[in-house]
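Undergrad: Just to be clear, the model below is a prediction. Sequence and coordinates:
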Amino acid sequence: MFKLTLSNFKLGFVLTMLLLTGGCATSVERMDAGQVKDLSGAWNDTDSQQVSEEMIRDVLSRGWMAEFMNNKNRQPALIVGEVRNLSHEHINVNTFVADMERALINAGKVKFVASSTERNEIRTERKDMDLNASEATRKEMGQEQGADFMLKGTINTIIDASGRTQVRFYQVDLTLISLVDNNKVWIGQKKIKKLVERSKLRF
Amino acid sequence: MTIERALATRQYDAALQSIERQSNQKNQRVLYLLNKGMILRMKRDFTGSNLALEAAKQEINRLYATSIRENTLSFVVNDSTVSYTGDEYEQVLLHFYMALNFLELGKPDAARVEALQVDIKLRELDENSSSQQFGEHALSRYLTAMIYEDSSEWSDAMIAYRKAYEEYKKTAATPVPNLLKQDLLRLTQRLGLRDEQAKYQTEFGITPEKISTIPPEELPKKSVHESKEHEPLAIPRNGELVFFLHNGLAPIKREKAVSLLDPSSGKIVRIALPYYQARLNLVHAARISVMEQQPIPNILLPDSINPDLIKPGLVKPNTSTTNTITTEQMENVAAVAEHTLNARMPAITARTLARAVAKVHLQNTVTKPSGKDNDAMVRLIGGVAMQIASIATERADTRSWLTLPSNIQLARLPLSPGHYSVKIELLAAGGQIVDTREYADVVVAPARKTYLTEHWVAVQPAVVPTTTSPPVTLFESSRQKSAAQPTSALPSNTNQTVGRK
């Protein structure tokens, strides 16, 4: 028969302490990149992936590309402009922009030219080639391909909060603007809504 | 070396080292990160500062939920066992400083993110009706307005300026700054809010002729964009230098303790309450002198201004365009800190008294003879140990963000785009120059605000080391008797509360 003796009590105490301290060791669990795991409710990888999926699907299915091909008889060249973060969080926009670039290039539908931040390094290298590279391998200046469209965008948020509950609404807008005449040929949009409840008590 | 001394002598690495000691105290992690962020920004390491402040923000978020363990502990030990999450004004200033860091790094969009977070935070605080309102968030509102205005979001800027104005009206510590008055008039004009503009004109006593984005004496003599049809109220294409002076150090929390004899039980009860003590500050305001380093490129000069300047050989650095402006106080952090503590004093006192009662009760249970033949000696020793423990653990919660300035001042100077050398003269109350700082090359971009900040800390007078002997008498044992300049309001307040008991 089990009796709550002192030794039993001690044993229980030790076990409880072990249980409590058990959480202290660092644990690592590998996750699939597509798996959804929301921790704080802030913008995370899942949001970024959802945005890029939606945008890629949309940009490839619209008519602007076919129209350009008909008129010019070549693939359109795109340049990545600024995606302004007008939200209330520090959001890294590079992830879904890079996703889009990759998907579009791999689909063989468009070309991307280096953006204004990327090309400075390329130009420096070309200048350096002028001095140091052999005649046969030297790349000339002034041969860059000009872009036809610029990809620009914004991220906006609307927050509604009451007490511990918060509704976060993110809206990502991406636009392709023609560099010839400032026409907007495509606008993609992704809306994400989250309900975040903060806990009231902790240990 | 104390942190204060290291900061006054601008040895920021030494200051960082001395706060490292706090880094592994779990319930003071926020405090450590706040101080670290502040010292790093004094060192002009704005990226590092933002990392520390962002970490502090995450930690505050994590600590949002009330800890059962810590609060139980605080009831038996003292208030300092609860993890420090910062007072509300400190949490808002955290966003304020992150925004300033981003602005000084030239990242206005990232600063705008912080501005939105200030909005959300203030909305959350507004909803809490318990939170005290004494205009403590006026400057944060004002900075968000400047950020919105800089991104050409006029209506958002107008709303923020309006809210800043409402906040300033709530407090007597800082009068409504003249800068804000001009901003309100300028934006109402821009947005066509005639009625509101008329209202502000009568409130401020500023006649329409006096409204100008650029006061005449500060108008750059060879401004690029001054055309004949220039309206006095138009938003200038000029750049603007925005200078923040973070002046001195915020007051420091000290402890005032009394030990009383509880006549019913014969036990000694110690009651310790916090109060604020001001820290020495010599600087009253700052005078900024701005001198252009290079002439404006010729292409930008309209022909009409000065034909001599068009000829390249004759272009000389024009030393006559020195602009001078004096800062204006925008926020009195010291007053806000004291107000906040005053507002929380009833709650702190109630908790302290409840704890005193609990501790006496605990001692009684130990010393009470139980039915069994317990050794009287054990009870006596246990009782004495309990008593010493309860007295020794009774400490006031004296934690606060110590590297905050005592007050924050601002000067805005419209400048034509170009390179400038900036001299900052720190002035005492009588107008004598206490110290000067110089920045050799400040680049003012066209149609944008360029931010520059300076944190000035005075060398503090040496404080006689404090004694912490456990009080066993009925007399007051103020641990900080020797320290200089106790603030007037709070010690008397604590006395009253104790007296009431």
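TA: Looks like it arrived, so ask away.

Undergrad: who's in contact with the residue of chain A found nearest chain B?
TA: Nearest residue of chain A to chain B: A:H88, at 3.7 Å (Cβ to the nearest Cβ). In short, each C-beta sits where N, CA and C put it, glycine included. A:H88 makes contact with A:T157, A:I159, B:V113, B:L116, B:Q117, B:D119, B:I120 under the criterion Cβ atoms under 8 Å, 6 or more residues apart in numbering or on different chains.

Undergrad: one more time with 10 Å
TA: Applying Cβ atoms under 10 Å, 6 or more residues apart in numbering or on different chains to A:H88 gives the contacts A:42-43, A:156-159, A:168, A:170, B:112-121.

Undergrad: what's the answer for A:T95, then?
TA: Contacts of A:T95 (Cβ under 10 Å, 6+ apart): A:D45, A:D47, A:S48, A:Q49, A:V51, A:S52.

Undergrad: Among these, name the buried ones.
TA: Neighbour-count burial (16 or more other Cβ atoms under 10 Å in any protein chain shown) is assigned, among the contacts of A:T95, to A:D47, A:S48, A:Q49, A:V51, A:S52.

Undergrad: from what I can see the second one touches A:I91, true?
TA: Yes: contact between A:S48 and A:I91 holds when scored by Cβ atoms under 10 Å: they sit 8.4 Å apart.

Undergrad: what is in contact with those two at once?
TA: A:V172.

Undergrad: how about the residues of chain A near chain B?
TA: Proximity of chain A to chain B (Cβ under 10 Å from any Cβ of the partner chain) is limited to residues A:40-42, A:82, A:84-91, A:156-157, A:159-164, A:166, A:198-203.

Undergrad: what about residue 30, neighbour count?
TA: As the question left the chain open, I've gone with chain A. 5 (other Cβ atoms under 10 Å in any protein chain shown).

Undergrad: you looked at the wrong chain, it should be chain B
TA: 25.

Undergrad: Against A:V93, how distant is it?
TA: In this view, B:V30 and A:V93 are 29 Å apart by Cβ to Cβ, to the nearest Å.

Undergrad: which residues of chain A score low on pLDDT?
TA: Within chain A, the stretches with pLDDT under 70 are A:1-25.

Undergrad: List the contacts of residue 76.
TA: Picking chain A for this. By Cβ under 10 Å, 6+ apart, the residues touching A:P76 are A:64-65, A:67-69, A:104, A:109-112, A:147-149, A:176, A:178, A:185.

Undergrad: not quite, I wanted chain B
TA: Here B:V76 is in contact with B:R355, B:A358, B:K359, B:L362, B:S390, B:T393 (Cβ under 10 Å, 6+ apart).

Undergrad: Report the buried residues of the helix or strand hosting B:M345.
TA: For B:M345, the element it lies in under DSSP states H and E is helix B:333-367. By 16+ other Cβ under 10 Å, the buried positions in helix B:333-367 come out as B:333-342, B:345, B:348-349, B:352-353, B:355-356, B:359-360, B:363, B:366-367.

Undergrad: now B:A337: how far from B:T450?
TA: Counting by Cβ to Cβ, the gap from B:A337 to B:T450 is 30 Å.

Undergrad: can you check B:A335 too?
TA: 29 Å.

Undergrad: how would you label the residue of the stretch 51-200 of chain B found nearest chain A: helix, strand or coil?
TA: As assessed by Cβ to the nearest Cβ, chain A sits closest to B:L116 within the stretch 51-200 of chain B, at 3.7 Å. Taking DSSP: H, G, I helix; E, B strand; the rest coil as the rule, one finds B:L116 in the helix state.

Undergrad: Also within reach of chain A: list those from the buried residues of helix B:333-367.
TA: Counting by Cβ under 10 Å from any Cβ, no member of those is near chain A.

Undergrad: can you give me the helices for chain A?
TA: A:6-21, A:45-61, A:64-72, A:94-106, A:116-132 (DSSP state H).
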